[in-house]
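just coords:
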Ligand SMILES: Cc1cc2nc3c(=O)[nH]c(=O)nc-3n(C[C@H](O)[C@H](O)[C@H](O)COP(=O)(O)OP(=O)(O)OC[C@H]3O[C@@H](n4cnc5c(N)ncnc54)[C@H](O)[C@@H]3O)c2cc1C
């Protein structure tokens, strides 16, 4: 009898793991178990009354690097090339990003000339931050907060304005708590290997296996900064689901896993309420803290390590304005915590992807709210009404972008515990989990946003690597 692999969680990580398992020459029997009625996890695209696309989760995928290329290859394998909406290198959404500081929008400098010019809100040209990086010795600690790392290497202003905002934009988190080693591994490695972020990024670029396809070549030639899909990014999990079904993978939806136990001969019993499954191996692509509650007593040390990988909530408010114009053209702007504790940033969706504007074009924006403000409200058990988030989002659109008329369409979603936080020492949690799994020879592989990257590209890669480990093949091939 062939092996059975059960994949927990039908977000992009679990879908990717199932996809790469199902394509193996001697594929095991694969069962994907999703707790909700929908696949895709945080990737969710909905249509407005005029057909406009509103992304409730991710809205753009970066094509850069080996992981970006891997996702483009997946897109081509799924037959989605004609659906891709690229943001080309010469487009304003690729060139312009802003910080909202001191009540005004400031364009982030780009190119060498941009670094030499004065660039408010920074008091000196960013050239000086680069010089500081080149002359600062290598750090000695095995990990450091993003803030401390940036302050040491690039100075206080870059740390408290740029890196603070970046941590809010990517992780909805606090740069004074997040780990540079785990959140920005390329910066950490650049310092470790080349003693400088700048040298490391310059000299270390271009390594790794070079994947090739027509779409990858096009993305490189046109210097895409990101891409989406015509019907929204949820098209990707939908296409993966169709592929899995055609390959004979059992995809169970609306079946939350409520317990895992180990049986004789090292097989798993996966409890699903009133039924159960047997598995030779499990790939877990559900959040670490959820898995920690499902593990059996024999895996208590692993459960303890996983339970400490927490996640924060983000409120996403999609707004559409008829006949409105933005004061600037670009991808969007980020807001440092010192400027506004409520708003993480605003994405100008219509600039990057006008094709998704619908039949009666209006300006689409997404306001992201969160950070310490939301954490404090949650900790106090406050009522978090849709009206509160809508009011705050409309206020931000008016103050920060001058959009004073009420929006014609608005969607509000609170995504509870949606972004894992890789806090200082995250790498030790991963190491202790890996050591436990190896020592106990548990037939369990971890994948998903809880571990080594929250971006869609990272999640797909984590699913691919998990599948390769289960199949005993080389993950980098
Ligand atoms: C608002 C927002 C904006 C983002 N923007 C971007 C962006 O622009 N670009 C980008 O690259 N990334 C972005 N991200 C990050 C990225 O979307 C996520 O990190 C990624 O989608 C997570 O995928 P996952 O499969 O690891 O986890 P999830 O999407 O959380 O999937 C886990 C799945 O497991 C299921 N599950 C949970 N418990 C159980 C159980 N007991 N039994 C069975 N199933 C269970 C859940 O229902 C879910 O479907 C964004 C994230 C958010 C929240």
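Thanks, I have it. Here the structure is a predicted model, which means the values were calculated and not measured.

What residues does the stretch 351-477 of the chain have near the ligand?
415, 418, 419, 448, 449, 454, 455, 456, 459 (C-beta under 6 Å from any ligand atom). Any C-beta I mention is one placed from the backbone N, CA and C, and that applies to glycine too.

same thing but 5 Å
Applying C-beta under 5 Å from any ligand atom, we find that the stretch 351-477 of the chain lies next to the ligand at 415, 418, 448, 449, 454, 455, 456, 459.

The strand or helix carrying residue 459 - contacts with which helices or strands?
Assigned by DSSP states H and E, residue 459 belongs to helix 456-471. If contacts are counted by 3 or more C-beta pairs under 8 Å, 6 or more residues apart in numbering; DSSP states H and E, helix 456-471 sits against helix 12-22, helix 65-77, strand 281-284, strand 444-446.

next SSE after the third one?
With elements assigned by DSSP H and E, the helix or strand that comes after strand 281-284 is helix 288-294.

Show me what that next one is packed against.
helix 300-307.

burial of the residue nearest to residue 345 when sequence neighbours are not counted, as a residue count?
Leaving aside its sequence neighbours, residue 345 sits nearest to residue 334 (C-beta to C-beta, 6 or more residues apart in numbering; 4.1 Å). Residue 334 has 27 neighbouring residues, counting by other C-beta atoms under 10 Å.

try the one 3 residues further on
Here the neighbour count serves as a burial measure; for residue 337 (other C-beta under 10 Å) it reads 21.

rewinding a little: hang on, isn't the residue nearest to residue 345 packed against residue 170?
No. Counting by C-beta atoms under 8 Å, residue 334 stays clear of residue 170, with 9.5 Å between them.

Residues in contact with both of these two, list them for me.
Both residue 334 and residue 170 lack any common contact, where contact means C-beta atoms under 8 Å, 6 or more residues apart in numbering.

does residue 115 count as helix, strand or coil?
helix (DSSP: H, G, I helix; E, B strand; the rest coil).

give the contact list for it.
109, 125, 126, 127, 130.

Quick check: it vs residue 109, distance?
Applying C-beta to C-beta, to the nearest Å, the value for residue 115 to residue 109 is 6 Å.

Quick check: neighbours shared by the two?
Overlap of the contact sets of residue 115 and residue 109 (by C-beta under 8 Å, 6+ apart) consists of residue 126.

picking that back up, please enumerate residues in contact with the helix holding residue 459?
Looking at helix 456-471 with C-beta under 8 Å, 6+ apart, the contacting residues turn out to be 5, 11-21, 24, 28, 43, 58, 61-62, 65, 67-68, 70-71, 74, 233, 281, 283, 285, 445-449, 451-453, 474-475, 477.

Need the buried ones from those selected in PyMOL.
Those of the contacts of helix 456-471 that count as buried under 16 or more other C-beta atoms under 10 Å are selected in PyMOL with:
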select buried, resi 5+11+12+13+14+15+16+17+18+19+20+21+28+43+58+61+62+67+68+70+71+74+233+281+283+285+445+446+447+448+449+451+452+453
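
still on that earlier bit, quick one: which of the contacts of residue 115 sit in helices?
When DSSP state H is applied, the contacts of residue 115 are split such that 127, 130 fall in helices.

nearest to the ligand, of the contacts of residue 115?
residue 109 (22.8 Å; C-beta to the nearest ligand atom).

wait, what's in contact with the closest one?
Counting by C-beta under 8 Å, 6+ apart, residue 109 touches 115, 117, 119, 126.

now do residue 401
Taking C-beta under 8 Å, 6+ apart as the criterion, residue 401 is in contact with 326, 327, 346, 365.

any idea how far it lies from residue 341?
Distance from residue 401 to residue 341, by C-beta to C-beta: 19 Å.

what do you get for residue 286?
Residue 286 is 31 Å from residue 341, by C-beta to C-beta.

quick one: which of these two has more around it?
residue 286 (25 against 17).

Run a quick neighbour tally on the nearest residue to the more buried one once chain neighbours are set aside.
In space, and not counting its chain neighbours, residue 286 is closest to residue 9: 3.9 Å by C-beta to C-beta, 6+ apart. Applying other C-beta under 10 Å, we find 27 residues neighbouring residue 9.

Residue 9 and residue 33: what is the separation?
8 Å.

again, but for residue 219
34 Å.

Repeat that for residue 284.
Taking C-beta to C-beta, one finds residue 284 at 10 Å from residue 33.

Then residue 133?
47 Å.

Show me where the stretch 1-150 of the chain has its helices.
For the stretch 1-150 of the chain, helices defined by DSSP state H, counting those that start in this stretch occupy the ranges 12-22, 65-77, 92-95, 111-116, 127-135, 146-154.

Lowest average confidence across helices and strands of the chain, where is it?
helix 111-116 (a mean of 80; mean pLDDT, DSSP states H and E).

which bits of the stretch 151-300 of the chain sit near the ligand?
Contact residues (C-beta under 5 Å from any ligand atom) of the stretch 151-300 of the chain with the ligand: 256, 257, 286, 290.

Counting by contacts, list what the helix or strand residue 218 falls within packs against.
Residue 218 belongs to helix 214-221 when elements are defined using DSSP H and E. Counting contacts by 3+ C-beta pairs under 8 Å, 6+ apart, helix 214-221 packs against helix 65-77, strand 84-87.

Could you say which one of the ones you listed comes nearest to the ligand?
helix 65-77 (9.1 Å).

any residue of that closest one up close to the ligand?
No. For helix 65-77, no contact with the ligand is found by C-beta under 5 Å from any ligand atom; the gap never falls below 9.1 Å.

report the angle between the axes of that helix and helix 12-22?
Angle, helix 65-77 to helix 12-22, by axes from the mean of the first three to the mean of the last three C-alpha atoms, to 10 degrees: 70 degrees.

Any buried residues in the helix or strand following the helix holding residue 218, and which?
Next along the chain after helix 214-221, taking DSSP H and E as the criterion, comes strand 226-229. Residues of strand 226-229 classed as buried by neighbour count (16+ other C-beta under 10 Å): 226, 227, 228, 229.

which helices and strands sit right next to strand 226-229?
On a contact count with 3+ C-beta pairs under 8 Å, 6+ apart, strand 226-229 meets strand 84-87.

and the strand it packs on, how far from the chain's centre?
18 Å (C-alpha atoms, centre = their mean, to the nearest Å).

So which elements touch it?
Against strand 84-87 (3+ C-beta pairs under 8 Å, 6+ apart) you get helix 214-221, strand 226-229.

Now the phi/psi pair for the spatially closest residue to residue 348 that is not a sequence neighbour, please.
The spatially closest residue to residue 348, leaving aside those adjacent along the chain, is residue 332, at 4.9 Å (C-beta to C-beta, 6+ apart). Per-residue torsions, residue 332: phi 160, psi -170 (degrees, to the nearest 10).

can you check the one 10 residues further on too?
Main-chain dihedrals, residue 342, degrees, to the nearest 10: phi -90, psi -50.

which residues does it contact?
Residue 342 touches 369, 371, 373, 374, 392, 396, counting by C-beta under 8 Å, 6+ apart.

The residues you listed: which two are farthest apart?
374 and 396 (13.9 Å; C-beta to C-beta).

Have a look at these two and say which one is more surrounded.
Ranked by neighbour count (other C-beta under 10 Å), residue 374 and residue 396 place residue 396 first, with 25 against 22.
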